[in-house]
Structure formats: structure tokens, C-alpha cells
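Student: any chance you could fold what I've pasted below:
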Amino acid sequence: MSDKNHNDDIELEALFANARAHPPVVPHEMMARVIADAKTMQPSGTGSRWRNWFAAFGGLPALGGLVTATCVGFWMGVAPPDILPDLAAAVMGVETTANPEYEGSVINGYGWDIGEG
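Tutor: Model prediction:
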């Protein structure tokens, strides 16, 4: 095998080494103008604390969705529907049955556990 581009790699590495040895310097006046422009683009924050807090979450519609999801999650954790396993009972070590007439169907927090015979 022959490496035809070996000389090109050496020349390219020499250019990179030269660039690393002499990094570009940004003038202080230019950095001051960039910083001043960045400060003018920042939100003013002159509103009330609550309005700024609401804006950080995306406004009242986003907070409404967050509150709704929190309430539904809490309700499903406290009183889950019959289809879902009762995770609180599984954590406390209490077994619940899906059908009280058939004791072979035991539900725990990890899914359906069917015992044999």
C-alpha cells in the first residue's frame, strides 16, 4: 500500500501548528461593542417577578398544562383506575387481586404475576 497524500498531510499539519502558535487576537474595542450589543438584546426584566416567572415557563397556557399534568399524575398515584396496578399497595407489600372470585390473578407494581397451581 502506498500513501499518496502523506506529503500533503505533513504540509497541512505544519499550517495547523503555525495557526496554533499564533492565535488571533480580538481588539478590546470590538469585544466591548459585542458585549454592549449582547446586553441590549437581553430582556429588560422590568415587569413584576410573577410575570417574569410565568414567561420563563412559556406563559399561562404552559403553566395550565403543567398544573393539569401534576394533578392527573397525583390522582392516578393516589387512586389508580382498575386497569392499572396499585403501585402504592405494591410498595407497602399489600397484594391486590384483579378479580376477588379468582385468587390466582395477583397484581403488583411491576405488572401481572400469575402463580401456578
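
Student: could you pull out the helices for the chain?
Tutor: For the chain, the helices defined by DSSP state H cover 6-21, 28-41, 49-57, 60-78, 87-92.

Student: and Thr70, how many neighbours?
Tutor: When neighbours are defined as other C-beta atoms under 10 Å, Thr70 has 10 of them. Using the backbone N, CA and C atoms, a C-beta is placed for each residue, glycine as well.

Student: hmm, back to that, mean pLDDT for the helices of the chain - can I get that in JSON lines?
Tutor: Output for those, formatted as JSON lines (pLDDT from 0 to 100):
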{"stretch": "helix 6-21", "mean pLDDT": "88"}
{"stretch": "helix 28-41", "mean pLDDT": "94"}
{"stretch": "helix 49-57", "mean pLDDT": "80"}
{"stretch": "helix 60-78", "mean pLDDT": "89"}
{"stretch": "helix 87-92", "mean pLDDT": "70"}
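
Student: Phe57 touches Val67, doesn't it?
Tutor: No: in this structure, Phe57 is not within contact of Val67 by C-beta atoms under 8 Å, at 10.5 Å.

Student: what is in contact with these two at once?
Tutor: Counting by C-beta atoms under 8 Å, 6 or more residues apart in numbering, no residue touches both Phe57 and Val67.

Student: ok, now which ones touch Leu84?
Tutor: Contact analysis of Leu84 by C-beta under 8 Å, 6+ apart lists Met76.

Student: how close does Ala19 get to Leu12?
Tutor: From Ala19 across to Leu12, the span is 11 Å (C-beta to C-beta, to the nearest Å).

Student: please disregard the earlier target; I meant Ala38.
Tutor: Separation of Ala38 from Leu12 (C-beta to C-beta) stands at 35 Å.

Student: go on, Phe54?
Tutor: Phe54 is 54 Å from Leu12, by C-beta to C-beta.

Student: try Asp37
Tutor: To Leu12, Asp37 is 36 Å away according to C-beta to C-beta.

Student: equivalent analysis for Arg51, please.
Tutor: Arg51 sits 55 Å away from Leu12, going by C-beta to C-beta.
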